[in-house]
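>>> Return a 3D structure for these sequence lines:
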Amino acid sequence: MTRLGFLLDSDSCIGCHACTVACKSEHDVPLGVNRTWVKYIETGVFPNVSRHFSVMRCNQCDNAPCIEICPTGALFRADNGVVDFDDSICIGCKGCMNACPYDAIFINPATNTANKCNFCNHRIAVGLEPSCVIICPTHAIRVADFDDPLDPVAAVVSRSDVAVRSPEQNTKPKVFYRGADQASLDPTRTAIATDGMIWAETTPAHPTVPGYPFDAGVVARTAYTTPHPITWKGKVSGYLVTKAIAAGVMAVAALQVLLGNSTAQATVGVIPPMIAGVFLAITGVLLITDLKQPSRFHYLITRGNRSSWLVKGAYVLMANTLVIGLWWMGGLFDSATMLRWLAIPAVLGAAGTAGYTALLFGQCEGRDLWQSPLVLPMLLAQAAATGGAAYSLLDLFAEVPDTTAVGWVLLGGTIASMVIVAMETTSHGSRHVELAVHALTRGGYRNRFWFGVVVGMALPAVLMTIALGTGTAGVALPAIAAVGVLAGTFAYEDAFVRAGQSVPLS
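Predicted structure coming up:
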């Protein structure tokens, strides 16, 4: 049995970048991305300053979150314990990039697939060491076999004062650092100065920690590192909204049936599943076009890794599509009995469609903001609000049988959303969460966030309170509230998705 890992001796590292160059040469790594790189930090105050070097790369985790989230098995564990990858079946979903707490995975622009350090497994297979090991002039990079009791490097690890990156993530990394300054292993404790770095200016691709030069947690300056742009952007934000609408409108339609309105053929039986179907189709288009290898999207089913919520979510969406189709048939043939039988499955399908992303986000171990238990109730509250919004707009063109119930759903969804946001933004979790919340509420995403809260939650809640309280508002106030909900939900989700990825991991 073999279980390979690295010992990285920061005391011996001279920051020469030979390992980076050797890695690029060995694997033909394109410019702009790296399988391994050297990070520089500077500590102290002039004239008593020090520069520290740390080699950054995949940590070959025993409990690798990238393997669990990978929907096709493109990331897998080799027999020697190395986390390897298969370009031929990667769909470029980028889930592994957010699952990795070490920023070690990138999309290769030449292949549009996820790549990373794979321990030079092709060299290991023929009895050679990784290219970075043989090129290092100070022998600062060494291979250890942690299953060999006689391995000298593993013995050094076991008896020395070594550290790992992000131990709180419980990934059981097999890359150990000796002599590394703790600030170099925790990117939230360092910051890039406003005047840039040694060889690079500060760019949006180099996320910075708020409060430079020194806030309560920043103890060093990042002098050199590589850029790692955020990976999930507007399409993911949009998909959260479109599936919320699809889920919400069917949940409200099911509520109408449970309230005894199953005979309203148009606004309960026929139009809601059509709206849901259209928005589920848009959801699918957004998901597929966000892939770096969209032509391989069918691998989610044909090669699906059942531990991934990307795969489980695809099955949830397909199951809900089936329920929606049956509902539409029931409405088309004016079968109130069929709609009554489908009411509970429709509610369950709506909840699954709206909520499964919370479990997908939960597999993104690198993004602490998304690990919150409040993500699931927030997605369900948004589905209620957007479902009520869709029905309020439908009431402009067709007669909705119970507009009061629709109004209460919209009001309840917006109030619940505001309560959850208040809890989420005032909680004191990890430093990662605190920095993400800062970016969300006071940093670069604050305009989108506050637009989402004010226009998408508070204003609709006020309008619906007036409408329900007076009972004389007609369709105008609910329609205005509905537009606010839909626009505000996208703004909030876009801010949340981006802020979650704003905290540097390396």
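>>> Tell me the helix or strand right after the helix or strand harbouring residue 247.
Remark: residue 247 resides in helix 234-258, with elements defined by DSSP states H and E. On the C-terminal side of helix 234-258, the closest following helix or strand by DSSP H and E is helix 271-289.
>>> What residues sit buried inside the helix or strand following that next one?
Once helix 271-289 ends, the next helix or strand along the chain (criterion: DSSP H and E) is helix 299-302. By neighbour count with 16 or more other C-beta atoms under 10 Å, helix 299-302 contains the buried residues 299-300. Every residue, glycine included, has its C-beta placed from N, CA and C.
>>> on contacts alone, who are the packing partners of the helix holding residue 247?
Helix 234-258 makes packing contacts with helix 271-289, helix 309-332, helix 336-362, helix 375-394, helix 403-426, helix 476-500 when contacts are defined by 3 or more C-beta pairs under 8 Å, 6 or more residues apart in numbering; DSSP states H and E.
>>> can you pull the pLDDT of residue 210?
The score at residue 210 is 51. That number is its pLDDT.
>>> who are the neighbours in contact with residue 267?
256, 391, 394, 398-401 (C-beta atoms under 8 Å, 6 or more residues apart in numbering).
>>> Provide the strand pairings for the lowest-mean-pLDDT helix or strand in the chain, with the direction of each partner.
Lowest by mean pLDDT, DSSP states H and E among the helices and strands of the chain is strand 190-191, with a mean of 86. In the sheet containing strand 190-191, the strands it pairs with under DSSP bridges are strand 220-224 (parallel).
>>> any weak-confidence spans in the stretch 301-450 of the chain?
Across the stretch 301-450 of the chain, nothing is flagged by pLDDT under 70.
>>> next one: the stretch 101-250 of the chain
Going by pLDDT under 70, which is the cut-off in play, the stretch 101-250 of the chain has low-confidence ranges at 201-216.
>>> That one: helices as residue ranges?
Taking DSSP state H, counting those that start in this stretch as the criterion, the stretch 101-250 of the chain contains helices spanning 121-124, 131-135, 152-159, 182-185, 234-258.
>>> okay, now the domains of the chain?
According to automatic domain parsing, the chain is divided into the following domains: 4-224, 234-500.
>>> Out of those, which one sits most buried?
Comparing the domains of the chain by mean neighbour count (mean count of other C-beta atoms under 10 Å), domain 234-500 ranks first with a mean of 20.
>>> Between the two ends of that one, what distance do you get?
For domain 234-500, the first-to-last residue distance is 13 Å (C-alpha to C-alpha, to the nearest Å).
>>> go on, stretch 448-462?
Stretch 448-462: ends 20 Å apart by C-alpha to C-alpha.
>>> Please apply the same query to stretch 27-41.
With C-alpha to C-alpha as the measure, stretch 27-41 spans 27 Å from end to end.
>>> Between the helices and strands packed on helix 234-258, which one is closest to residue 123.
Relative to residue 123, the nearest member of the helices and strands packed on helix 234-258 by C-beta to C-beta is helix 309-332, separated by 31.7 Å.
>>> returning to that earlier point: export the helices of the stretch 101-250 of the chain to TSV and tack on distance to residue 410?
Conversion of these to TSV gives the following (distance: least, C-beta to C-beta, whole Å):
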stretch	distance to residue 410
helix 121-124	55
helix 131-135	57
helix 152-159	58
helix 182-185	48
helix 234-258	9
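>>> So which of these is nearest residue 500?
Each of the helices of the stretch 101-250 of the chain has some distance to residue 500 by C-beta to C-beta; the shortest is helix 234-258, at 10.4 Å.
>>> follow-up on the earlier one: compare the helices and strands packed on helix 234-258 and report which one is nearest to residue 180.
In this view, the helices and strands packed on helix 234-258 are compared for proximity to residue 180 by C-beta to C-beta, and helix 476-500 is the closest at 27.0 Å.
>>> what angle separates the closest one from helix 403-426?
Here helix 476-500 runs at 30 degrees with respect to helix 403-426, directions being taken by axes from the mean of the first three to the mean of the last three C-alpha atoms, to 10 degrees.
>>> Run the angle between helix 476-500 and helix 375-394 for me.
In this structure, helix 476-500 runs at an angle of 150 degrees to helix 375-394, with the same axes, to 10 degrees as the basis.
>>> going forward can the numbers begin at 20, since that is how I track them
Shifting the count to begin at 20 puts that one at helix 495-519.
>>> Show me what helix 495-519 is packed against.
For helix 495-519, the elements it packs on are helix 253-277, helix 394-413, helix 422-445, helix 450-460, helix 465-472, helix 478-489, judged by 3+ C-beta pairs under 8 Å, 6+ apart.
>>> distance between the first one and the chain's centre?
Averaging C-alpha positions (C-alpha atoms, centre = their mean, to the nearest Å) puts helix 253-277 20 Å from its chain's average.
>>> swap in the second one?
Between the mean C-alpha location of helix 394-413 and the chain-wide mean there is a distance of 21 Å, by C-alpha atoms, centre = their mean.
>>> relative to helix 253-277, how tilted is it?
Inter-element angle recorded for helix 394-413 and helix 253-277: 70 degrees (by the same axes, to 10 degrees).
>>> Which elements pack onto helix 394-413?
The helices and strands touching helix 394-413, judged by 3+ C-beta pairs under 8 Å, 6+ apart, are helix 253-277, helix 290-308, helix 355-381, helix 422-445, helix 495-519.
>>> Same check on the third one?
Contacting helix 422-445 under the criterion 3+ C-beta pairs under 8 Å, 6+ apart are the following elements: helix 253-277, helix 394-413, helix 450-460, helix 478-489, helix 495-519.
>>> can you redo these as JSON lines with distance to residue 330?
Supplementary listing: the helices and strands packed on helix 422-445 in JSON lines, determined by distance: least, C-beta to C-beta, whole Å:
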{"stretch": "helix 253-277", "distance to residue 330": "16"}
{"stretch": "helix 394-413", "distance to residue 330": "19"}
{"stretch": "helix 450-460", "distance to residue 330": "27"}
{"stretch": "helix 478-489", "distance to residue 330": "35"}
{"stretch": "helix 495-519", "distance to residue 330": "20"}
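>>> and of these, who's closest to residue 187?
Comparison of these against residue 187 by C-beta to C-beta identifies helix 450-460 as nearest, at 9.3 Å.
>>> now for the closest one, which elements pack on it?
Helices and strands touching helix 450-460, as assessed by 3+ C-beta pairs under 8 Å, 6+ apart, comprise helix 422-445, helix 465-472, helix 495-519.
>>> pLDDT averaged over the last one - what is it?
The one in question is helix 495-519. For helix 495-519, the per-residue pLDDT averages 97.
>>> And that helix, how far out from the chain middle?
19 Å.
>>> what's the angle from that helix to helix 450-460?
Using the same axes, to 10 degrees, helix 495-519 lies at 140 degrees relative to helix 450-460.
>>> quick one, helix 495-519 and helix 355-381 angle?
Orientation note: helix 495-519 sits at an angle of 30 degrees relative to helix 355-381 (the same axes, to 10 degrees).
>>> Contacts only, for residue 140.
Residues near residue 140 by C-beta under 8 Å, 6+ apart: 97, 99, 101, 103.
>>> which one of these is nearest residue 357?
residue 103 (50.4 Å).
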